[in-house]
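Asker: Quick one: sequence and predicted model below, then my questions.
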Amino acid sequence: MKVLLTGGGTGGHIYPALALANEIKRQYPDAHFLYIGTSNGLEANIVPNHPLPFETIEISGFKRKLSFENVKTIKRFLMGTKRAKSLIRSFQPDVAIGTGGYVAGPVMYAAAKLNVPTIIHEQNSVPGLTNKFLSRYVDRVATCFDEATNYFPKEKTVYTGNPRAQEALRADNVDLQNEYGLDANVPTVLIVGGSRGARPIHEAFLEALPQLKDKICQFLYVTGDVHYDKVKEQLETIETNQHVVIRPFISDMPSVLKSVDAIVSRAGATTLSEITAIGIPSILIPSPYVTNNHQEHNARALEKAGAAIVRKENEWGAEQFASDLRNIFDGETQSNMKLAAQKAGTPDASDRLIKVIQTLIKE
Ligand SMILES: CC(=O)N[C@H]1[C@@H](OP(=O)(O)OP(=O)(O)OC[C@H]2O[C@@H](n3ccc(=O)[nH]c3=O)[C@H](O)[C@@H]2O)O[C@H](CO)[C@@H](O)[C@@H]1O
């Protein structure tokens, strides 16, 4: 089987494609892959660390307002489509799968025009522009939230969940004491702002730290590459009795997620699929800076299920944080949230998506 993958910009779009590729490779050891991304997106850092041939095209996103930039974007889209068509003609894929981000636009459009069977994967409860545009041309739309179905042609849409869920579940635990210098006997809370970090989360966490008096847990704090130096410097000036281990990025996140006791996070859809597959109690602070506020919609679905505490960015302060932590580690809450999270997960998402691929190829 020859599989074309595309998706980029943020980890939330890239990791589902890589997780699917890993599962296909497990089930079809002879499968061949080609990943098309851009040279300046996060995919250019992440994908080459995996044994997948990686090619790039140039593309940028549409501005929502009418602007001269959009004329350039249309030109880039057309050029990107042309380059994608030539890559597709020489690779001859049996199926093309797009997991979102600007780059998926021209690549999946080109694949559809060349009559390659096509699937787009939508991670969020409210879809992005690229997937909405592509849904007209592709054969199937795979979703992860029931709410997303309303935005796509019904006859093409199928619920699969996010392949990263299955990958997270399969991961081995990591030794937090040896690898991160954490105490094996104290609960660990992971703090993470999504694949690129989130400044408001840093500000709130650093402000809260000196005010957290009880030692309920220890923190593994992931800043995102760009924020690391500044946050580390700030952290060194803060007086706190809390144990905090700081890292710029974690490349074996599924293993780390399997080993922590709770998580404070943005509400990116791929992270949520990992949290629910494994069953991790969470405090979610949705980013308000995303299209159609989709992170809050993602987060509220988990809150409704009893799996997460959702706090808006502007209401997340030291007191609230301390009291949420106490609640999670008090009595039955932690195990109740864990179970509720697991119930909301789709741990066989890759298998489901592979079934969609098999059916489509047969057709
Ligand atoms: C600002 C923005 O537009 N964010 C979007 C983006 O987020 P973002 O890329 O932040 O997405 P997610 O939180 O969904 O996924 C992040 C992925 O990166 C991994 N990870 C993260 C940190 C780290 O140190 N190591 C690591 O491996 C996580 O385990 C996860 O697999 O895509 C998501 C999925 O479409 C959307 O829901 C988000 O709204």
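Answerer: Yes, it's here.
Asker: Look up how far the ligand lies from Asp229.
Answerer: Taking C-beta to the nearest ligand atom, to the nearest Å as the measure, Asp229 falls 16 Å from the ligand. Just so you know, the C-beta spots here come from the backbone N, C-alpha and C atoms, and that holds for glycine as well.
Asker: confidence score at that residue?
Answerer: pLDDT, Asp229: 95.
Asker: Buried residues in whichever strand or helix holds it, which are they?
Answerer: Element membership of Asp229, judged by DSSP states H and E, is helix 228-237. For helix 228-237, burial by neighbour count (16 or more other C-beta atoms under 10 Å) applies to 228, 231, 235.
Asker: Return the closest of those residues with respect to the ligand.
Answerer: The ligand has its nearest neighbour among the buried residues of helix 228-237 in Tyr228, at 10.5 Å by C-beta to the nearest ligand atom.
Asker: looking at it, the closest one is touching Ile250, isn't it?
Answerer: No: Tyr228 is beyond contact range of Ile250, at 11.9 Å (criterion: C-beta atoms under 8 Å).
Asker: Which residues of this protein lie near the ligand?
Answerer: Taking C-beta under 6 Å from any ligand atom as the contact definition, the chain meets the ligand at 10-13, 15, 100, 123-124, 164, 192, 194-195, 222, 249-250, 253, 266, 268-271, 274, 287, 290, 294-295.
Asker: if we go to 5 Å?
Answerer: Near the ligand, the residues belonging to the chain are 10-12, 15, 123-124, 194-195, 222, 249-250, 253, 268-271, 290, 295 when assessed by C-beta under 5 Å from any ligand atom.
Asker: Among the residues you listed, which ones are in strands?
Answerer: Counting by DSSP state E, these place Val222 in strands.
Asker: Restricted to helices, list the residues of the chain next to the ligand.
Answerer: Mapping the residues of the chain next to the ligand onto helices (DSSP state H) picks out 11-12, 15, 253, 269-271, 295.
Asker: Now for those: which two are most distant?
Answerer: Met253 and Gln295 (18.0 Å; C-beta to C-beta).
Asker: all strands of the stretch 201-350 of the chain, in order?
Answerer: 218-222, 244-247, 262-265, 282-284, 308-310 (DSSP state E, counting those that start in this stretch).
Asker: Dump those strands into a markdown table; add mean pLDDT as well.
Answerer: Formatted as a markdown table, those follow (pLDDT from 0 to 100):
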| stretch | mean pLDDT |
| --- | --- |
| strand 218-222 | 97 |
| strand 244-247 | 97 |
| strand 262-265 | 97 |
| strand 282-284 | 97 |
| strand 308-310 | 97 |
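Asker: can you redo those strands as JSON lines with mean neighbour count?
Answerer: Formatted as JSON lines, the strands of the stretch 201-350 of the chain follow (neighbours: other C-beta atoms under 10 Å):
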{"stretch": "strand 218-222", "mean neighbour count": "23"}
{"stretch": "strand 244-247", "mean neighbour count": "16"}
{"stretch": "strand 262-265", "mean neighbour count": "25"}
{"stretch": "strand 282-284", "mean neighbour count": "24"}
{"stretch": "strand 308-310", "mean neighbour count": "24"}
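Asker: For burial, what's the neighbour tally of Val138?
Answerer: For Val138, the neighbour count with other C-beta atoms under 10 Å is 24.
Asker: so what's it up against?
Answerer: Residues in contact with Val138 (C-beta atoms under 8 Å, 6 or more residues apart in numbering) are 98, 108, 112, 118-120, 156.
Asker: Likewise for Pro200?
Answerer: Here Pro200 is in contact with 285, 313 (criterion: C-beta under 8 Å, 6+ apart).
Asker: Can you give me the separation between it and Pro51?
Answerer: According to C-beta to C-beta, to the nearest Å, Pro200 stands 37 Å off from Pro51.
Asker: quick revisit: what packs against the helix holding Asp229?
Answerer: On a contact count with 3 or more C-beta pairs under 8 Å, 6 or more residues apart in numbering; DSSP states H and E, helix 228-237 meets helix 199-208, strand 244-247.
Asker: Out of the ones in helices among the residues of the chain next to the ligand, which comes closest to Leu5?
Answerer: Closest to Leu5, out of all of those and judged by C-beta to C-beta, is Tyr15, at 11.6 Å.
Asker: So what does Val189 look like in phi/psi?
Answerer: The phi/psi pair for Val189 (degrees, to the nearest 10) reads phi -110, psi 120.
Asker: Now for Glu58: which residues touch it?
Answerer: Contacts of Glu58 by C-beta under 8 Å, 6+ apart are 38-39, 76, 79-80, 83.
Asker: Same list, the helices and strands packed on helix 228-237, but as a markdown table with distance to Phe91 please.
Answerer: Compiled in a markdown table, the helices and strands packed on helix 228-237 are given as follows (distance: least, C-beta to C-beta, whole Å):
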| stretch | distance to Phe91 |
| --- | --- |
| helix 199-208 | 40 |
| strand 244-247 | 36 |
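Asker: Which of these comes out lowest on mean pLDDT?
Answerer: helix 199-208 (a mean of 88).
Asker: quick check: angle from that one to strand 218-222?
Answerer: Orientation of helix 199-208 against strand 218-222 (axes from the mean of the first three to the mean of the last three C-alpha atoms, to 10 degrees) gives an angle of 150 degrees.
Asker: Okay, buried residues for helix 199-208 please.
Answerer: Buried residues in helix 199-208 (16+ other C-beta under 10 Å): 200-202, 204-206, 208.
Asker: Could you list the low-confidence segments of this protein?
Answerer: Applying pLDDT under 70 to the chain picks out residues 60-68.
Asker: Give the burial count for the closest residue to the ligand within the stretch 51-200 of the chain, as a bare number.
Answerer: Closest residue of the stretch 51-200 of the chain to the ligand, C-beta to the nearest ligand atom: Gly194 (2.6 Å). A total of 21 residues lie near Gly194 under the criterion other C-beta under 10 Å.
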